[in-house]
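Q: dropping the sequence and predicted coords here.
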Amino acid sequence: MDEFKRLTRCFFLKDTQLIAKDMLGKYLVRETEKGMMIGKVIEVEAYLGAEDKACHCYNYKKTEKTKVMYMKPGTLYVYFIYGTYFCLNVITEPEGVPCAVFIRALSPIDGIELMKTNRPVKIGKNFRNLIDGPSKLCMALNITKNLFNGYDSCSKDAKLYFTRGETIDPSEIIQSARIGIDYAGEDKDRPLRFSLVK
């Protein structure tokens, strides 16, 4: 089935803003010994490297934490926030160019019971609130920095990867400013958040 055909490295070599839009409708697949969990990407943000004050690598900043962003496209960048939660990003553009797409929300496709085991909360209609936030999806799919930071999602043996998913009509895409980046000066208002019409 085409929707489960893995995305190759070439997909992540394009301009980051274009990739961000193209990520909508793609499937994020997490394979585990207990089963497979799949979510459709419904919200993302683009981070544009050295020229973007909201990016962890603004002005080519390179630390132990951010060195992953300089790796080859398709590499996963997982970081820790608030001392409790993880966030998932995928590196874009050529190696050495520190850009990424931040995966903000998914819609569950398969493996819902396993997701609920990993994130045991009261679930709303259509299970939407199970993985509709960056930290929620990492908890539900058991995505941690220890397991997946610096991980190559394009490897043929990858257990966390993206697939073609569903075709999205451009009319279904909402473009807006990113969230939670008040520190980024004028860049906080750039329309680099992309989401699907609910």
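A: Perfect, thanks for sending it.

Q: double-check that residue 185 belongs to a helix.
A: Yes. Read with DSSP: H, G, I helix; E, B strand; the rest coil, residue 185 is one of the residues of a helix.

Q: ok, it - contacts?
A: residue 53 (C-beta atoms under 8 Å, 6 or more residues apart in numbering). From N, CA and C alone the C-beta is placed, and that goes for glycine too.

Q: residue 56 now?
A: 47, 65, 66, 69, 79, 98.

Q: could you pull out the strands for the chain?
A: Using DSSP state E, the strands of the chain run over 27-32, 35-47, 76-81, 85-92, 99-110, 160-163, 173-176, 193-196.

Q: ok, which of these comes nearest residue 2?
A: strand 160-163 (8.8 Å; C-beta to C-beta).

Q: can I get the CA coordinates of that closest one in CSV?
A: Provided in CSV are the C-alpha atoms of strand 160-163 (Å, rounded to 0.1, in the frame of the first residue of the first chain):
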residue,chain,number,x,y,z
LEU,A,160,10.5,5.1,13.9
TYR,A,161,9.9,6.6,10.4
PHE,A,162,7.6,8.5,8.2
THR,A,163,5.5,7.1,5.3
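
Q: identify each buried residue in that strand, please.
A: 160, 161, 162, 163 (16 or more other C-beta atoms under 10 Å).

Q: same check on stretch 78-88?
A: Applying 16+ other C-beta under 10 Å to stretch 78-88 flags 78, 79, 86, 87, 88 as buried.
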